[in-house]
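>>> attaching a predicted model along with its sequence, questions to come.
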Amino acid sequence: MTAMRRAQEALFGITAIVAMPVAMAQTDQKVEVATIGQPLYPGASVPVRVPAVLRLPEGAGPFPAVVIVHGSAGVDGRGAALAEELRRAGIVSLELDMWKPRGLTGGTGSRPRIISDTLPDAWGAWAHLAADARVDPKRIGITGFSWGGAVAWITAFGLKPLGAPPGIREARFAAHVPFYGGCSSYLPSGKGGKALAALGVKPTGAPMLYVIGTKDDYEMSPDACNELAKAYPDAAMRVRLVEGATHGFDGPEYGRFHDPLARDSTGGHIVVRSDPESARIVRAEVASFLKAELNK
């Protein structure tokens, strides 16, 4: 039995190996992360393992760490760019690739049904990091882009997969940084907000920095994220408005496309323009926020 497996069983009551290294490097490691539990709603299949990249800062640790969750397009460089900034801040990162093991190609026509279908991936990543001796399990945060931003948001309510073992049911992320995760949907009047209310969950109170562009037409209103912060004062949410930025401003130039999940799932055409300078500034701010919050 490996040390990783023994740590998993002791911490979380999990008998499967949560991570298996498949390639090793000095500071970057390709690993496989075992998912945990099942989706909250029936009908979705969950892969046993998802590939991920573990990126390590210099030093011996234990370090704070952050799970990075990609958007609908899949892994596209946004996570790697943020991970480098986190590494410079002394933070471990674990970037998931959730689509590949599901046989999905990414985009609005090839992704899971709903955000919560990927909770098993997010909490599997938390467990992977928590079982690593180089990581402090009390200082694990989560960030993500668009779809991944919504994952970072719903985990701030302590949502767990069905069938999660006790160690996971009691766990929480120590900080959250959603990037443009669809604030309109999670207002109390939105579909996501109503779903959270029906589940009876409340914010954990972990600190949150929410990144959103002032030109993000994924939202019903430019004020949606500020309204979200007011609606959930216990979420400890601070909104970082990026002037002139569109949805996905920190990633590739995707142009204009239709997304049925936009604007509280009423659908609409979305413009994604790359803004490298704003992206550089925001990544530094996010790393600074996480460094401060995860080292308290």
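Looks like it arrived, so ask away. Quantities reported herein were computed from a predicted structural model and do not represent experimental measurements. Numbering: from 1, shown residues only.

>>> so which helix or strand of this structure has the lowest pLDDT on average?
In the chain, no helix or strand scores lower on mean pLDDT, DSSP states H and E than strand 19-23, which sits at a mean of 30.

>>> show me the shaky parts of this protein.
The model of the chain has pLDDT under 70 over residues 1-26.

>>> chain center to stretch 241-256, what's the gap?
Relative to its parent chain, stretch 241-256 has a centroid offset of 18 Å by CA atoms, centre = their mean, to the nearest Å.

>>> same question for stretch 114-130.
9 Å.

>>> next one: stretch 135-155
Chain-centre distance of stretch 135-155: 4 Å, with CA atoms, centre = their mean.

>>> residue 209 is in what secondary structure piece?
Element membership of residue 209, judged by DSSP states H and E, is strand 208-213.

>>> who does that strand touch, helix- and strand-wise?
Applying 3 or more CB pairs under 8 Å, 6 or more residues apart in numbering; DSSP states H and E, one finds that strand 208-213 contacts strand 176-179, helix 224-231, strand 237-242, helix 276-294. For glycine as for every other residue, the C-beta is placed from the backbone atoms N, C-alpha and C.

>>> toward the C-terminus, what is the element adjacent to the longest strand anywhere in the chain?
If you go by DSSP state E, the chain has its longest strand at strand 135-145. Going down the chain from strand 135-145, the next helix or strand is helix 147-154, by DSSP H and E.

>>> partner strands of the longest strand of the chain, with direction?
strand 63-69 (parallel), strand 176-179 (parallel) (DSSP bridges).

>>> will you turn those strands into JSON lines that also has distance to residue 222?
Shown next, in JSON lines, are these (distance: least, CB to CB, whole Å):
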{"stretch": "strand 63-69", "distance to residue 222": "25"}
{"stretch": "strand 176-179", "distance to residue 222": "16"}
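
>>> any idea which of these gets closest to residue 194?
Across these, residue 194 has its closest neighbour in strand 176-179 (18.7 Å, CB to CB).

>>> neighbouring contacts of that closest one?
Under the criterion CB atoms under 8 Å, 6 or more residues apart in numbering, residues 66, 78, 141-146, 148-150, 152-153, 155-156, 206-212, 250, 286, 289-290 lie in contact with strand 176-179.

>>> and the closest residue to residue 102 other than its chain neighbours, what does it touch?
Among residues not flanking residue 102 along the chain, residue 47 sits closest, at 5.9 Å (CB to CB, 6 or more residues apart in numbering). By CB under 8 Å, 6+ apart, the contact list for residue 47 reads 35, 101, 102.

>>> what about the nearest residue to residue 216 once chain neighbours are set aside, neighbour count?
Spatially, and ignoring its direct neighbours in sequence, residue 216 is nearest to residue 247 (4.6 Å; CB to CB, 6+ apart). Using other CB atoms under 10 Å, residue 247 has 25 other residues around it.

>>> contacting residues for residue 247?
146, 180, 213, 216, 217, 218, 270, 271, 272.

>>> so which of the residues you listed is the closest to residue 232?
Using CB to CB, the contacts of residue 247 come closest to residue 232 at residue 180, 17.3 Å.

>>> that closest one touches residue 215, doesn't it?
No - assessed by CB atoms under 8 Å, residue 180 is found out of contact with residue 215, at 10.8 Å.

>>> so for these two, which residue has more residues nearby?
The neighbour comparison of residue 180 against residue 215 (other CB under 10 Å) goes to residue 180, with 28 against 17.

>>> for that one, phi and psi?
Main-chain torsions, residue 180, degrees, to the nearest 10: phi 40, psi 60.

>>> list the contacts for it?
By CB under 8 Å, 6+ apart, the contact list for residue 180 reads 145, 146, 149, 211, 212, 213, 216, 218, 247, 248.
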